[in-house]
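Participant: need a 3D model of the following:
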Amino acid sequence: MIDSKARPLSLGQFDTFTVPVAKRTAFLFNLGAVASVTLATLLPLGVALYWTLGDPAALLRQAGPQVAALGTFGMTERLGGAVITLLTLAPLCWGLLRLRVCFAEFALGHPFAARSIAGLRDFATGICLGALAKPIGFTVMTLLLTWTAPAGQRQLAIQLDSDMLIMALFAATVAALTWAMGEAAAVAEENSQFV
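Facilitator: Just a heads-up that it's a prediction; the model follows:
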């Protein structure tokens, strides 16, 4: 039964609908927004420092025992490794920046606003792309690190691990939640139009 005397939920403007948010909760959402931007900034910086200042033996071990046995590691390999790692990390950093928008909207009490749903959806997309980029980056990395090896010692390796699968599953779960939030917002918007 439709209550014709009830005030519409959002008066046709669902993005401006506000849910009361306690100060502590808003603080935590804003802290999440700052943390996501901080992480999106520090991850590439940490990768760049790791590849430029890291111990060559440790960097080679990261690529696998066969690559580490080769023992050749110069500035070209350092720069190439940094670029490959940054490229595989880029989707995750983009997703973290988009998560900031979601947290900011949540702090304002707009959990079903189009911006908050899009921010969360983009975060899921970034995680999924990052999970898919991880094995590709590993493969390109082994090619790069063994490129200067003598004939017969160049390698092509593919690595699939549980971290990648868990990241992909997490991304799928968040994407499903954003779909449900979008559908709920659309239904609520439609229901608010009834008089």
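
Participant: immediately after the helix or strand bottoming out on mean pLDDT in the chain, which helix or strand?
Facilitator: Least confident helix or strand, the chain: helix 65-70 with a mean of 56, by mean pLDDT, DSSP states H and E. Using DSSP states H and E, the helix or strand that follows helix 65-70 towards the C-terminus is helix 75-107.

Participant: could you list the low-pLDDT ranges of this protein?
Facilitator: Where the chain drops to pLDDT under 70, the residues are 1-16, 63-72, 149-150, 153-154, 192-195.

Participant: now do the helices in the chain.
Facilitator: Along the chain, counting by DSSP state H, helices occupy 23-53, 56-62, 65-70, 75-107, 114-145, 162-192.

Participant: do you know which of those helices lies nearest residue 151?
Facilitator: The closest of these to residue 151 is helix 65-70. By CB to CB, the value is 12.7 Å. For the C-beta atoms, the positions are set from N, CA and C on the backbone; glycine is no exception.

Participant: spatially nearest residue to residue 40, not counting backbone neighbours?
Facilitator: residue 96 (3.8 Å; CB to CB, 6 or more residues apart in numbering).

Participant: check contacts around that neighbour.
Facilitator: Neighbouring residues of residue 96 by CB atoms under 8 Å, 6 or more residues apart in numbering: 36, 37, 39, 40, 43, 123, 126.

Participant: how about those in CSV, adding distance to residue 90 and neighbour count?
Facilitator: Shown next, in CSV, are the contacts of residue 96 (distance: CB to CB, whole Å; neighbours: other CB atoms under 10 Å):
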residue, distance to residue 90, neighbour count
36, 15, 23
37, 15, 16
39, 14, 16
40, 10, 21
43, 10, 17
123, 14, 26
126, 9, 22
